[in-house]
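Enquirer: Sequence and predicted structure below; questions after.
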Amino acid sequence: MPRDILHLHIPDFAVAVARVIDPALRQRPVALAPGASERALLQCVSAEGRAEGLVPGMAVRVARRLCPRLTLIPPDPAALFRAQAALCRLGAEISPLVEPEIAGRLYLDISGSRRLLGPGRDVAAHLEGEVDRQLRLSGAVGLAGNKLVARIAAGYLERPGVCDVLRGSEAPFISSLPVSVLPGVGQTRASLLLRELHLRRVGDLAALSLDDLRLLFGGFAPLLRQRACGIDPSPVSPPARTPEVREQAFLPQADNDDEALLATLARLVEGCAYRLRLRGQGAGLLVLTLYYEDGVTARRSRRLPNPASADTILMETAETLFYATCQRRVRLKGMRLACQELGTARQLHLFTEAGGELSPRESTLLQALDQLRQRHGVDVVRRGRTLLSPRLEG
């Protein structure tokens with residue numbers, strides 16, 4: 001059965017989301033940069049900015065000199081998270097096989113659904129229209145027989161629309177494009193191809209024998225030749241869903257004060273622990289993700305000796321995890337705590353070492369607190385430590 005793969009691409013995703021929030025940013029050169037330092041590097045540049053000569057990775061002071069009317073905006077991981085989740089929801093309305101790539105990119109597999117959804121081109125146009133109508137984001141959709149060519153097709157368009165590559169013509173379609181469109185061929189490898197072999201186009205690369213390519217690229221040669229021929233057998237793989245309980249929070253203002261950050265972490269732990277106890281389960285693995293204000297994400301995990309749901313046991317492990325994960329001097333914008341490897345919780349000691357048993361009085365205390373939360377809401381009783389946390393965003 002021929003495959004029909006869609007690839008949705010929202011160009012300059014961070015800037016596009018910022019423009020949805022603040023329409024005054026439209027039709028102006030805008031770039032994303034962390035902090036207020038003149039040495040900070042641009043992370044995302046609007047089309048108007050690129051027209052002025054700005055590129056991602058350029059220092060702010062150079063960008064300001066090239067484009068005095070440039071508007072700089074800070075990273076907003078919370079908004080990007082919500083926007084990416086909204087894109088995934090729209091994709092899931094069309095196909096159960098949705099694979100998010102980096103922010104602003106999605107793959108959908110609609111193979112075999114022509115009778116239900118109609119021609120692939122119509123599905124692609126529908127997706128593009130819904131993204132524009134519901135999210136006010138403009139994007140391009142590539143449609144082809146595999147993920148590689150669908151991705152290249154989406155990037156081929158210079159304006160929002162649909163690029164449909166006929167099945168069986170994937171190789172001719174990409175043959176006239178520059179070699180840099182192929183994944184794995186960055187500036188260094190493209191320069192090597194041009195310098196050593198005078199190759200500029202994908203078709204020239206596909207015409208080379210595998211032995212010739214091995215001389216330049218070694219073990220990467222077979223995959224590179226496969227890509228140059230427009231072949232990509234990789235499936236659209238939705239993210240693996242493992243049972244977990246998670247809580248996340250984004251700070252109204254980036255912060256690097258340990259007391260405030262640990263108070264925020266305590267709120268996450270408290271929420272996770274309460275939900276674990278409602279399920280009658282405990283967490284065997286904690287995964288902490290930190291979102292820095294410059295857009296960098298750090299993630300670490302730590303296993304517990306036994307599945308646990310007591311606040312203090314989880315907080316002890318989460319705090320150790322926090323100090324192991326938070327290694328940069330950049331301020332944090334948000335964090336997420338996921339409890340995985342769920343199992344039957346052993347009631348471990350509440351106030352002393354991890355691994356002891358909870359006393360009957362301590363178990364009774366936890367049950368009483370949970371009953372209060374069920375009756376009057378989660379916020380009716382909280383640990384004093386969490387009160388240092390600022391008011392959190394969703």
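Expert: Now that the structure is in, tell me what you want to look at.

Enquirer: who's in contact with residue 110?
Expert: Counting by CB atoms under 8 Å, 6 or more residues apart in numbering, residue 110 makes contact with 4, 5, 6, 94, 95, 117, 120, 123. Using the backbone N, CA and C atoms, a C-beta is placed for each residue, glycine as well.

Enquirer: For it, give its distance to residue 7.
Expert: From residue 110 across to residue 7, the span is 11 Å (CB to CB, to the nearest Å).

Enquirer: swap in residue 122?
Expert: 16 Å.

Enquirer: what sits against residue 111?
Expert: Contacts of residue 111 (CB under 8 Å, 6+ apart): 1, 2, 3, 4, 5.

Enquirer: just curious, which of those is nearest to residue 289?
Expert: residue 5 (29.2 Å; CB to CB).

Enquirer: For the closest one, give the beta-bridge partners.
Expert: residue 109, residue 144 (DSSP bridges).

Enquirer: Now for it: which residues touch it?
Expert: Per CB under 8 Å, 6+ apart, neighbours of residue 5: 107, 108, 109, 110, 111, 143, 144, 145, 146, 147, 150, 236.

Enquirer: With distance to residue 25 and pLDDT as extra columns, can I get these in JSON lines?
Expert: Putting the contacts of residue 5 into JSON lines (distance: CB to CB, whole Å; pLDDT from 0 to 100) gives the following:
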{"residue": "107", "distance to residue 25": "29", "pLDDT": "95"}
{"residue": "108", "distance to residue 25": "29", "pLDDT": "95"}
{"residue": "109", "distance to residue 25": "34", "pLDDT": "95"}
{"residue": "110", "distance to residue 25": "34", "pLDDT": "93"}
{"residue": "111", "distance to residue 25": "39", "pLDDT": "92"}
{"residue": "143", "distance to residue 25": "31", "pLDDT": "94"}
{"residue": "144", "distance to residue 25": "33", "pLDDT": "94"}
{"residue": "145", "distance to residue 25": "38", "pLDDT": "93"}
{"residue": "146", "distance to residue 25": "36", "pLDDT": "94"}
{"residue": "147", "distance to residue 25": "32", "pLDDT": "95"}
{"residue": "150", "distance to residue 25": "30", "pLDDT": "95"}
{"residue": "236", "distance to residue 25": "33", "pLDDT": "93"}
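
Enquirer: By neighbours, which of the residues you listed wins?
Expert: Counting neighbours by other CB atoms under 10 Å, residue 150 leads the contacts of residue 5 with 31 neighbours.

Enquirer: so that residue makes contact with residue 144?
Expert: Yes: with contacts counted by CB atoms under 8 Å, residue 150 reaches residue 144, the gap being 4.2 Å.

Enquirer: any residues in contact with both of these two?
Expert: In contact with both residue 150 and residue 144: 5, 7, 165, using CB under 8 Å, 6+ apart.

Enquirer: Just give the nearest non-adjacent residue to residue 14, would you?
Expert: residue 44 (4.3 Å; CB to CB, 6 or more residues apart in numbering).

Enquirer: Enumerate the beta-bridge partners assigned to that neighbour.
Expert: Beta-bridge partners of residue 44, as defined by DSSP bridges: residue 32.

Enquirer: That one against residue 18, yeah?
Expert: No: contact criterion CB under 8 Å: residue 44 and residue 18 do not qualify, at 9.0 Å.

Enquirer: Residues in contact with both of these two, list them for me.
Expert: Common neighbours of residue 44 and residue 18 (CB under 8 Å, 6+ apart) are residue 32.

Enquirer: tell me the strands in the stretch 101-250 of the chain, going along the chain?
Expert: Using DSSP state E, counting those that start in this stretch, the strands of the stretch 101-250 of the chain run over residues 105-109, 140-144, 161-164, 245-255.

Enquirer: Pick the most buried one from these.
Expert: Comparing the strands of the stretch 101-250 of the chain by mean neighbour count (mean count of other CB atoms under 10 Å), strand 140-144 ranks first with a mean of 26.

Enquirer: by how many degrees do that one and strand 105-109 diverge?
Expert: Going by axes from the mean of the first three to the mean of the last three CA atoms, to 10 degrees, strand 140-144 is angled at 30 degrees with respect to strand 105-109.

Enquirer: Export strand 140-144 to CSV, keeping only CA atoms.
Expert: Output of strand 140-144 as CSV, limited to C-alpha atoms (Å, rounded to 0.1, in the frame of the first residue of the first chain):
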residue,chain,number,x,y,z
ALA,A,140,3.3,24.8,5.2
VAL,A,141,2.3,21.2,4.7
GLY,A,142,4.4,18.7,2.7
LEU,A,143,2.7,15.6,1.4
ALA,A,144,4.8,12.6,0.1
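
Enquirer: who touches that strand?
Expert: 4-9, 11, 120-121, 124-125, 127-128, 149-157, 159-165, 167, 170, 173.

Enquirer: I'd like to know which of those residues are buried.
Expert: 4-9, 11, 120, 124-125, 127-128, 149-157, 160, 162-165, 170, 173 (16 or more other CB atoms under 10 Å).

Enquirer: Among these, which lie within helices?
Expert: Mapping the buried ones among the contacts of strand 140-144 onto helices (DSSP state H) picks out 120, 124-125, 127-128, 149-156, 170, 173.

Enquirer: Compute the distance between residue 90 and residue 79, please.
Expert: 17 Å.

Enquirer: Compare the two (neighbour count), which wins?
Expert: Neighbours per residue, other CB under 10 Å: of residue 90 and residue 79, the larger number sits with residue 90, 20 against 16.

Enquirer: residues contacting that one?
Expert: So residue 90 contacts 127, 130, 131, 134, 135 (CB under 8 Å, 6+ apart).

Enquirer: Nearest to residue 214 among the contacts of residue 110?
Expert: Looking across these and measuring by CB to CB, the closest to residue 214 is residue 5, at 29.4 Å.

Enquirer: and the lowest-mean-pLDDT helix or strand in the chain, C-alpha only, in CSV?
Expert: Ranked by mean pLDDT, DSSP states H and E, the weakest helix or strand in the chain is helix 187-192, scoring a mean of 77. Provided in CSV are the C-alpha atoms of helix 187-192 (Å, rounded to 0.1, in the frame of the first residue of the first chain):
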residue,chain,number,x,y,z
GLN,A,187,27.4,23.5,6.3
THR,A,188,30.6,21.4,6.9
ARG,A,189,29.6,18.4,4.8
ALA,A,190,28.0,20.7,2.1
SER,A,191,31.4,22.5,1.8
LEU,A,192,33.2,19.2,1.7
